[in-house]
Each structure stands twice: as C-alpha cells, then as structure tokens.
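**Student:** next come a sequence and a model predicted from it.
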Amino acid sequence: MKLTKRMRLTTIILSTALFVNLIMGYVNEGNFESEQGETIDEPDDSFYQDYFVIKSENGRLLLLPKENINDVEVESPKVSLTRSSDSPFIENGDTNIVDKFSSLEELRSYVENHTAESDYYRPYTGGSGKVTEGSALGYSTTNVQVMGVDEGDIVKTDGEFAYIVSKDKCSVFIADVNPAGEAEIVSTVKSVGSIREIYVKGDTLVVLGQRTVFQIDPSPDSLESQYCSVHYKGKKVKFDVGKFYYLSYIYYQATFIDIFDISDRGDPSLMDSHVIKGYPIASRMIGNFMYVITSNSISRNFEEYDLPVPAFEIYYLRYSNDPTYLNHYLQLTTILSIDITDPSTIVDLRVLLMSSSSNIYVSLTNIYITYREYSLLNNNRITSIHRITIDCGEILYKAYGEIEGTLLSRFSMDEYEGFFRVAASIWFSSSHGVYVLDMDLKIVGRLEGIAPDEVMYSARFMGDRLYLVTFRRVDPFFVIDLSDPLRPELLGELVIPGWSDYLHPYDENHIIGLGKEVAPNGWTEGVKLSLFDVINVENPKEMSKYVIGDRYTSTIAADEPHAFLFNVKKNLLVIPVRYNFTVTSAYVFDISLENGFELRGTVGHPSDADNQYEYDWYDYDIEIKRSFYIDDTLYTLSNNYLQMNDLNDLHEINLIELPNEQGSSSGVQVMCLYLEPFIR
C-alpha cells in the first residue's frame, strides 16, 4: 500500500508526540487493562539490577521487580568513572594554566561567574596529508586524516568480513563478503542506543554511540493491585501490577562503548561495556588504544548528579578568569582511553571545564581541542587551542594557545615536525591567515591578509605545503609554503570557476578537489572534480576536471571524507552522487595523470516500489553512503543493501538486503533504556 505524503507526515507527528511524552513526562493517569493484559517481547538490555522498566498505554514509566520473573540472568551495567592509570594530568604539578577544583562549592562559583545568565548553551559541532600509494592490503580502509590514526565509521572491512551499522543505528551486521558471490550476513550485534561509529581491530569490534540514561529514584510510589500479562523469552507470565512502581527519574545523554570479541564471527560476545556522561564528539584509535572525547553542558543551576565525576576530579582553565573573553558556553569535556586488549578498565579519564569544543585534531602523539571565543580587547573572534599528549593510553595536559580567527574544520589543522599549523578566517579584517605554533602553542610564524572578502571553503596540509581554497565569484586555489615555519610564504594562486569543499592528495605534486562548478553568471552548477598540478608551485594548474549533473546535484563526500574512496595504484576514485533529488548512484572513475578523470560507470541500488511514497521524489534508504573494495570487487552500501560489482566492468555480482531492525510499539512497551541508581 502506498502512503500519501499527508499520511506519512501524520505518522511522523504521532510518533514524535509519543516520544516527547515519554521523555518529558507529560503523561496522563491510568492503569493497565485488568485481566486481559498485553504481550511484549522483552530485550535483556532494559534490565537493571533487581528491576526492569516498562511503559504502559498511557505513557507511565513503571518499575517491575525482577524477582517476579524466573530464570533471568542479567549482568548489571555500570557507569565508568574510574581509571587504572595513576599518572598525573598536569606535568610537574604546574597549575599556571590548568588547575583542579577543590570542592563542589568552588565549581558552582566558577560556573556562575563564567556563564551567561540565560543558561542558554549552544555547543558548536560543526591533516597531515601524507600521500599514500594505496593500501598494501587487498582491501580499502577508512579514509583518514592522519596515517596511523584510525577513525570510526559506519562500515569497516578486514578483507574477509564487512561490519555494517544498521539503518536504525541499534545493530551491527557482520557479513562474510569474500568471495562476493557467496556473501551473506552471519551474525548481528546489538547495542542499546544510537550507534555513531565502529572500529575493527583484529578479533575485536568496538561500538561507540549515544543513549539516554535514566536515573531512578529509589523510593517510588506503589500502584493499586491489578494484573497484566507479559511475554518474555517465549513465556507468557502474569504479573500482579501492585508489584509495579511509578518512577521518579531524571535523564541525560551518555556515550556508550561496547567492546565485542568477534573471533567467532558467527557468534560475537560482549567483553565489556563503558558508559560516560555526555554526548560523543570525537574518537580515534592508535594501535590498541582507543581515545574518546565527550561533552555535556553545565548550567548555572546544575546538580551534583549532572557531573561525570566528583567536582574535585574536574580541571579548569585559569586563563578563563580573563574578563576580556565574552560569555563562555561552558561544557564538561571528558577525555578517556581504553586498551582494547584489556577492555575491562579505562586506562585514563580526565574531565575539563571549558567552552564547547568545535574542532578536534589528533596526531599520533597529541590531541588538540579547539573552540571559538570572542575577545572584547581585540574586538575579534579567536580560537583557543589545547594540546594534550597521549602515549599508550596515558593522557597529559601540555599547553594552551590562541590565534585570531576561527577554523573551518579539522582539516584546517595539522601537526608536522614539531609544529602545529592552522588556517583561520579572521573576522575583523574579512580575510584569512595561516599560523605556525610551536609545541608550547606560541605563534612563531604567520601569514595574514589572504583573500580579503572571500569565504574559505577548504584547506589541506601536505608536508611543508598548505593548499587553500576560497570563493566569492571564482575559486582561488592557493599554494602556501611552510618549509620555513617562521616565515610562511604564498607561492602561487590559480583562479578558476567554482570551488572545492574537500581536497585530497593524489601524490606529492597533485591534488584532487571535490566541490561545485559555477557558471559565468554566478549560478551554481553540478558536482565538480578537479585535478590540480602543483609541480610549479608559482603557477598551479587545473589539469583535468569533470562536472556531474546540474545545480541540483550533490555529493555527501564533499562534507564526509569517509564517503570518498580513492586508490592511486588502482587508478580508482568513487563518490556517491545524488542527482535532482530523485536518483543516487556511485560514480566510478578511472583517474590518472595522463588522462585525468574518465567515467568507468555508475552503480545504483534497486528501489522497492512498495516502499515509495506517492508524492516523494527521493528514497533515502537506497542512497549510497559508503563504498569500499576487496581485491577486484566494489562494495556499495545504503540503508537497505550491500551491493557487490566487478571493478573491471561494474557488472553486478551479488546483493545483500540488510534487515530492518526497527520494531513497532503498541500496548505495553518495554523500554530499551540504560538505567543507573539515582544518587542524592
């Protein structure tokens, strides 16, 4: 049956209303239906210690003693607050920049003096560029900014299996995909919450995401005695509703890290799980050590249970006492590390009170956390930068610095041979600048006044060069020399129509640009691929370009580098393209210095007519989000499918339909919520 647009909208509104009622607690009085009851399927994850949570038809959250259910074995979840490392966070006890609160009262005073009275918090969420000749392996890996620093994504492969985050973000499918003709899903891993990204290292799968955590008041009010039936593990059990309790609770967002043993891909097992207050903003994996950064707001009227750790374990920044810095939107930023070979404990965990993080850069040895502020003294926006060293899980605060201007993205930052380089947009002069800082984050070199009155669209550091793209009516492509860190120099400039949102190294002297074409009259046109020749740095050239579609054509790879697949040895470039809001395809190119971009062909996923909406133009479930290769097979991923095509002629080899794990709710609904005791 086809759904009209109005029917679809009504369904969305009703679903949203039910969710809001649950979360905000705007529910009516009422009890279960007596005698008849309802039947539900209960997931283990909703249990906590001696109780589990259900939701009645009228939206009341209820607590049921586990003692009323036989043969239930559930391991109680835990909130991770401790660390195994006893190393200091501040080297040699230097507290000139960073210090620790001594008490909850001191923390309260600090927050009241450094936040806006409105209590309105708006966290902003918005490379080494080393050239690789392509993976020495027979399969592609995630497109990362810094070699050796892995980044999480929604799909990973090890050359034999693919690990895929499901459409509803609650599961990970493990598929045996080699050989492609015999590909099949062999198991499913489930997590409670919304999965953000995954990592695979040997026989370990790490799942990172966000979930709502409910803290329960230990003194709930009892209900009147009535009966209902619940279906659990194939058994229909009748309960005395008098054993239920109304819940008094608070809730917050938390980051979860689930670590699975996948040595038997057909039967993964959970090794350990950690939960940290705050939403995830970044993660990286270096060797066997995973680093996770989370953030949660703190208001002027915060309570002790809002804190991820006790107040005396929270660090603050002494520079923030500077009255010339306006309105800090304070966040509690948590940095933690886990050794995935010993996942039962957190190696190190540190919490800093700072302004909301905007962009984060991670090298092999350092984490750089940045955020925007406004200086009354200079009447300018500035970027604050913190350097935190990482070494086998140990976390140590090292330095603070700042530059004029704001950063576009993490690709506006880079660490190279003992220096930290950044490209910034300077507000008061309406231009751009490049700054070189030493490891104490003191500025040692600068180049300012670049491209006045234009907007920065992309930046990419490659060794001792920076490539910068700005735009107004045309696209200036700048080549900046950083070989002398004390004296950055503008070497060359190329002015062409359009712009590049993302720059990717082809080799040491050639750059791939991905963005949009612009017509002479200023109208935006199709997706544009450019190949820049920078052998003569004073005279860069666009040696090849390819334009796809018209102004209604777009690609997620322009904003999500993980969707950009490139291998120089295979002469292979693949990007997903959405055309005219109706069609999505993976565009597969041969790319070489001799012939530039040559379209090999396109790959699309089948559309299920029964799932099409009468007045909708676009089926998001078949939009290709990622691609990877194993040997000579191209794999493309959408919400509904993993499709396999031969890389040589792109004929289809196989197609796996991915299960839709989303369930329906009616009557009594068991909540897949993570619970912890309410601490007063």
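**Tutor:** Structure's in. What do you need? Residues are numbered from 1 along each chain as shown.
**Student:** the nearest residue to residue 418 once chain neighbours are set aside - how many residues pack around it?
**Tutor:** Ranked by C-beta to C-beta, 6 or more residues apart in numbering and with sequence neighbours excluded, the top spatial neighbour of residue 418 is residue 439, at 6.1 Å. Where C-beta positions appear, they are placed from N, C-alpha and C, glycine not excepted. When neighbours are defined as other C-beta atoms under 10 Å, residue 439 has 15 of them.
**Student:** all numbers from here: first residue = 219
**Tutor:** Sounds good: first residue 219 from here, last item residue 657.
**Student:** thought residue 657 was touching residue 634?
**Tutor:** No. With the criterion set as C-beta atoms under 8 Å, residue 657 and residue 634 do not qualify as a contacting pair; they are 11.6 Å apart.
**Student:** mutual contacts of those two, please.
**Tutor:** Taking C-beta atoms under 8 Å, 6 or more residues apart in numbering as the contact rule, residue 657 and residue 634 have no neighbour in common.
**Student:** counting by contacts, list what the helix or strand hosting residue 403 packs against.
**Tutor:** Assigned by DSSP states H and E, residue 403 belongs to strand 402-408. Here strand 402-408 is seen to pack against strand 389-394 when contacts are counted using 3 or more C-beta pairs under 8 Å, 6 or more residues apart in numbering; DSSP states H and E.
**Student:** strand partners of the strand it packs on, parallel vs antiparallel please.
**Tutor:** Using DSSP bridges, the strands paired with strand 389-394 in its sheet are strand 379-383 (antiparallel), strand 402-408 (antiparallel).
**Student:** can you tell me which of these is packed in deepest?
**Tutor:** Neighbour counts averaged per stretch over the strands paired with strand 389-394 are highest for strand 379-383, at a mean of 25; criterion: mean count of other C-beta atoms under 10 Å.
**Student:** and the contacts of it?
**Tutor:** Surrounding strand 379-383, the residues in contact under the criterion C-beta under 8 Å, 6+ apart are 372-375, 389-396, 404, 413, 415-416, 418, 423, 483, 846, 853, 855, 860, 876.
**Student:** quick one: mean pLDDT over that strand.
**Tutor:** Taken as a whole, strand 379-383 has an average pLDDT of 97.
**Student:** repeat for stretch 408-420
**Tutor:** Summarised as a single mean, pLDDT over stretch 408-420 is 92.
**Student:** next one: stretch 567-575
**Tutor:** For stretch 567-575, the mean confidence score works out to 85.
**Student:** export it to CSV, keeping only CA atoms.
**Tutor:** Taking C-alpha atoms only, stretch 567-575 is exported to CSV below (Å, rounded to 0.1, in the frame of the first residue of the first chain):
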residue,chain,number,x,y,z
LEU,A,567,40.0,9.5,32.2
ARG,A,568,40.2,13.3,32.6
VAL,A,569,37.4,16.0,32.8
LEU,A,570,38.0,19.6,31.9
LEU,A,571,35.6,22.5,32.2
MET,A,572,36.0,24.6,29.1
SER,A,573,34.0,26.3,26.3
SER,A,574,32.2,24.0,23.9
SER,A,575,34.6,22.2,21.6
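**Student:** quick one: the helices in the stretch 469-618 of the chain, in order.
**Tutor:** Counting by DSSP state H, counting those that start in this stretch, no segments of the stretch 469-618 of the chain form helices.
**Student:** quick one, strands of the stretch 569-718 of the chain?
**Tutor:** Using DSSP state E, counting those that start in this stretch, the strands of the stretch 569-718 of the chain run over 577-580, 584-593, 598-609, 612-622, 631-634, 637-644, 649-655, 661-668, 673-680, 683-689, 693-699, 707-714, 717-725.
**Student:** go ahead and confirm residue 369 touches residue 359.
**Tutor:** No. The pair residue 369 and residue 359 fails to qualify as a contact (C-beta under 8 Å) at a distance of 10.0 Å.
**Student:** and those two? which has more neighbours close in?
**Tutor:** The neighbour comparison of residue 369 against residue 359 (other C-beta under 10 Å) goes to residue 369, with 19 against 16.
**Student:** now that one: phi and psi?
**Tutor:** Here is the backbone geometry of residue 369 (degrees, to the nearest 10): phi -120, psi 140.
**Student:** how much space is there between it and residue 579?
**Tutor:** Between residue 369 and residue 579 the distance is 12 Å, computed by C-beta to C-beta, to the nearest Å.
**Student:** shared neighbours, the two?
**Tutor:** Listed as contacting both residue 369 and residue 579 by C-beta under 8 Å, 6+ apart are residue 363.
**Student:** out of the strands paired with strand 389-394, which gets nearest to residue 504?
**Tutor:** For residue 504, the closest of these is strand 379-383, at 19.6 Å, according to C-beta to C-beta.
**Student:** show me what the host helix or strand of residue 327 is packed up against.
**Tutor:** Under the assignment given by DSSP H and E, the secondary-structure element containing residue 327 is helix 322-331. With contacts taken as 3+ C-beta pairs under 8 Å, 6+ apart, helix 322-331 sits against strand 564-573.
**Student:** name the nearest residue to residue 776, sequence neighbours excluded.
**Tutor:** Once flanking residues are discounted, residue 776 sits nearest to residue 719: 3.9 Å by C-beta to C-beta, 6+ apart.
**Student:** next up, the contacts around the one you found.
**Tutor:** Under the criterion of C-beta under 8 Å, 6+ apart, the contact list for residue 719 reads 675, 676, 732, 733, 734, 776, 777.
**Student:** separation between residue 823 and residue 858?
**Tutor:** Distance of residue 823 to residue 858, computed by C-beta to C-beta: 7 Å.
**Student:** same check on residue 563?
**Tutor:** Distance check for residue 563 against residue 858: by C-beta to C-beta, it reads 39 Å.
**Student:** residue 624 is in contact with residue 599, isn't it?
**Tutor:** Yes. Distance between residue 624 and residue 599: 5.3 Å, which falls inside the contact criterion (C-beta under 8 Å).
**Student:** identify the contacts common to the two.
**Tutor:** Counting by C-beta under 8 Å, 6+ apart, the contacts common to residue 624 and residue 599 are 590, 645.
**Student:** so the two - more neighbours on which side?
**Tutor:** The neighbour count for residue 624 versus residue 599, taken as other C-beta under 10 Å, is higher for residue 624 (23 against 17).
**Student:** measure that one to residue 330 for me?
**Tutor:** Separation of residue 624 from residue 330 (C-beta to C-beta) stands at 27 Å.
**Student:** thinking again about what came up before, Serialize the strands paired with strand 389-394 to JSON lines and add fields for distance to residue 645.
**Tutor:** Formatted as JSON lines, the entries for the strands paired with strand 389-394 read as follows, by distance: least, C-beta to C-beta, whole Å:
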{"stretch": "strand 379-383", "distance to residue 645": "38"}
{"stretch": "strand 402-408", "distance to residue 645": "46"}
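**Student:** and of those, who's closest to residue 754?
**Tutor:** strand 379-383 (42.8 Å).
**Student:** can I get stretch 852-862 as PDB, trimmed to CA atoms?
**Tutor:** Taking C-alpha atoms only, stretch 852-862 is exported to PDB below (Å, rounded to 0.1, in the frame of the first residue of the first chain):
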ATOM      1  CA  LEU A 852      33.500  -2.900  -5.400                       C
ATOM      2  CA  TYR A 853      31.100  -2.900  -2.400                       C
ATOM      3  CA  THR A 854      28.500  -0.100  -2.100                       C
ATOM      4  CA  LEU A 855      26.400   0.500   1.000                       C
ATOM      5  CA  SER A 856      22.900   2.100   1.500                       C
ATOM      6  CA  ASN A 857      20.400   1.700   4.300                       C
ATOM      7  CA  ASN A 858      18.800  -1.200   2.500                       C
ATOM      8  CA  TYR A 859      21.600  -3.000   0.700                       C
ATOM      9  CA  LEU A 860      25.200  -4.000   0.400                       C
ATOM     10  CA  GLN A 861      25.800  -4.500  -3.300                       C
ATOM     11  CA  MET A 862      28.800  -6.100  -5.000                       C
END
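**Student:** pLDDT on it, on average?
**Tutor:** 96.
**Student:** cool, and stretch 620-627?
**Tutor:** Mean per-residue pLDDT for stretch 620-627: 91.
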